[in-house]
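predicted model follows, preceded by the sequence.
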Amino acid sequence: MAQTDDIASRSRPSARAIRLTVRVVIPVLFALTMWQVFTQVVRFGYVFSSSMEPTLAEGDWYLLRLDAYSTQAPERGEIVVYVGPDGEPYVKRVIAVAGDHVAIIRGVVWLNRQALEEPYLKERAQNERPIQGDVPPEHLCVLGDNRNFSADSRDVGFVPVETVMGRVTGVVWPRERSRSLVATR
């Protein structure tokens, strides 16, 4: 009988091994999973300016999908974060993609020779900074929703797609402004 108990106790995991798994292995696996998610899939960002008002207000925290463009290119109307020429991240709306003809005349955006409806604008641009041309391959035309207070393609030109970090999918904080953001085409 003693021999049977000895074999049974060796075949079951010991209480020490179970404690080790619960206290060390599971938390390490959880930390590695969270690290993977927050470095490859999503990231939180903070809005530092009023350039995207009213869609994104200064002080909003947003959710950025880092994997949004792993299989597709940015589309018109999406809000993206890209790395500017100064190395800083900028949040702007995609107005035109490669091959589109874009023009800004008297504060009105013309996309492929048609006036673009922009219900998301805070107000019509007062400071005329015209732009006109075809968006080159692998580039985007990006503009802020608050055109009077936005540094965008009117200032830096068309943005290379390779500088896009990801797509803004929602506001997560403050709670009263939290919502999902969908592309407005």
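Yes, it's here.

domain assignment for this structure?
Per automatic domain parsing, the structural domains of the chain span 2-40, 43-180.

deepest-packed of those, please.
Most buried of these by mean neighbour count (mean count of other C-beta atoms under 10 Å) is domain 43-180; its value is a mean of 17. Backbone N, C-alpha and C define where each C-beta goes, glycine included.

could you pull up the mean pLDDT of it?
Mean per-residue pLDDT for domain 43-180: 92.

how about the strands in this structure?
Ranges of strands in the chain, per DSSP state E, are 42-46, 61-65, 79-83, 89-97, 101-105, 108-111, 114-115, 131-134, 139-143, 159-160, 164-173, 179-180.

just send those back as TSV, with distance to Ser150 too.
Shown next, in TSV, are those (distance: least, C-beta to C-beta, whole Å):
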stretch	distance to Ser150
strand 42-46	17
strand 61-65	16
strand 79-83	13
strand 89-97	7
strand 101-105	12
strand 108-111	13
strand 114-115	19
strand 131-134	13
strand 139-143	7
strand 159-160	13
strand 164-173	15
strand 179-180	21
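
and those: which comes nearest Ser153?
strand 139-143 (4.7 Å; C-beta to C-beta).

now stretch 139-158, how far from the chain's geometric center?
With C-alpha atoms, centre = their mean, to the nearest Å as the basis, stretch 139-158 stands 16 Å off its chain's centre.

endpoint to endpoint, that stretch covers what distance?
6 Å (C-alpha to C-alpha, to the nearest Å).

make 13 the first number, not 1, from now on.
Yep, numbering from 13; the last one is stretch 151-170 now.

how near is the residue lying closest to Met177 once chain neighbours are set aside to His113?
Nearest residue to Met177, sequence neighbours excluded (C-beta to C-beta, 6 or more residues apart in numbering): Val93, at 4.6 Å. Val93 sits 25 Å away from His113, taking C-beta to C-beta, to the nearest Å as the criterion.

if we can go back for a sec, right, so of the strands of the chain, which gets closest to Phe42?
Taking the strands of the chain one by one with C-beta to C-beta, strand 54-58 is closest: 16.1 Å.
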